[in-house]
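Undergrad: coords please:
(one chain, ligands or ions: 1)
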Amino acid sequence: MEISFYKYQGTGNDFVMIDDRSEVFPDADLPLVQQLCDRKFGIGADGLILIRNKEGFDFEMVYFNADGSQSMCGNGARCAVAFSNFLGIVDEQASFLAIDGPHHAKIKDGIISLGMGEVKSISNMGQDFFVNTGSPHHVRFVENVDKYPVVEIGSEIRYSAAYEPKGTNVNFVTPLSSDQIHVRTYERGVENETLSCGTGVTACALVYGYQNSLNEVSIKTQGGNLKVKFTAASDGSFKNIKLIGPAERVFEGKWKSIHQ
Ligand SMILES: N[C@@H](CCC[C@H](N)C(=O)O)C(=O)O
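TA: Numbering: from 1, shown residues only. As a prediction, the model looks like this:
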């Protein structure tokens, strides 16, 4: 089998992107997804995204983590919107379906503003927090995230009894100014730190924004800068959430295994 693909990155969170409108990609073949995402034996990526047709929407985004598991991916969705624009499926606005429901996005000057699903609440987890932004996120504030053992502590929390059986993504946050935070994330399904996590920074921005009565938070990640805007309701829920930042096409290629 020969697979045409594009490689995209959104603040360093990178994806193998496949135009699968003809639905020929074997989406039940998880070893194939794992192989394509493998950084030593494949193309290499944090995740793989299929763009498919969907009635009532411009497209459907089918997202896989590098290990083949599925969830909502904020940076991947921003890349999927940029890819759909490149393919000529959408112009400056996009409506698409993802695993967590419908989304709307706008593109301007290479910046994707992605509408996220509503968030019902922020839960306390001892001194930390839990927020579901389409994917599950544990949020911990730390003094100096630059020096924090993200992988070691992140994997402990990810596999802790509180999050069995599905686990969680884990974010570590240090405030940089009144409206800016620095976030590093351990991602479930990649089982490592990624350079950025869109649903993760959204979760952190909601917690920080709620604590400080903000409706806009800037986020520094290891792979670049993002912004999250939102409206907090009096019942503790959040609406009109937008994840805003760049998404870039890096290269394209054809993959054909030389092994049987
Ligand atoms: N990188 C993503 C999150 C991908 C899903 C996550 N690893 C999970 O399994 O929940 C993002 O940008 O949101």
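Undergrad: make it CA atoms for all contacts and neighbour counts henceforth
TA: OK.
Undergrad: Quick one: the helices in the chain, in order.
TA: 30-37, 74-87, 150-158, 198-211 (DSSP state H).
Undergrad: any chance of these in CSV, with mean pLDDT too?
TA: As requested, the helices of the chain are exported to CSV (pLDDT from 0 to 100):
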stretch, mean pLDDT
helix 30-37, 98
helix 74-87, 98
helix 150-158, 98
helix 198-211, 98
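Undergrad: Format those as JSON lines; extra columns: distance to the ligand and mean neighbour count.
TA: Converted to JSON lines, these look like this (distance: least, C-alpha to the nearest ligand atom, whole Å; neighbours: other C-alpha atoms under 10 Å):
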{"stretch": "helix 30-37", "distance to the ligand": "13", "mean neighbour count": "20"}
{"stretch": "helix 74-87", "distance to the ligand": "4", "mean neighbour count": "24"}
{"stretch": "helix 150-158", "distance to the ligand": "11", "mean neighbour count": "18"}
{"stretch": "helix 198-211", "distance to the ligand": "3", "mean neighbour count": "25"}
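Undergrad: In a markdown table: those helices, plus distance to Ser123.
TA: Putting these into a markdown table (distance: least, C-alpha to C-alpha, whole Å) gives the following:
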| stretch | distance to Ser123 |
| --- | --- |
| helix 30-37 | 33 |
| helix 74-87 | 21 |
| helix 150-158 | 16 |
| helix 198-211 | 10 |
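Undergrad: mind listing what the residue nearest to Trp255 when sequence neighbours are not counted touches?
TA: Counting by C-alpha to C-alpha, 6 or more residues apart in numbering, Trp255 lies nearest to Ile3, which is 5.1 Å off, once chain neighbours are set aside. Ile3 makes contact with 254-256, according to C-alpha atoms under 8 Å, 6 or more residues apart in numbering.
Undergrad: Quick one: residues contacting Glu143.
TA: Each residue near Glu143 by C-alpha under 8 Å, 6+ apart is listed here: Thr174.
Undergrad: That concludes my questions; thank you for your assistance.
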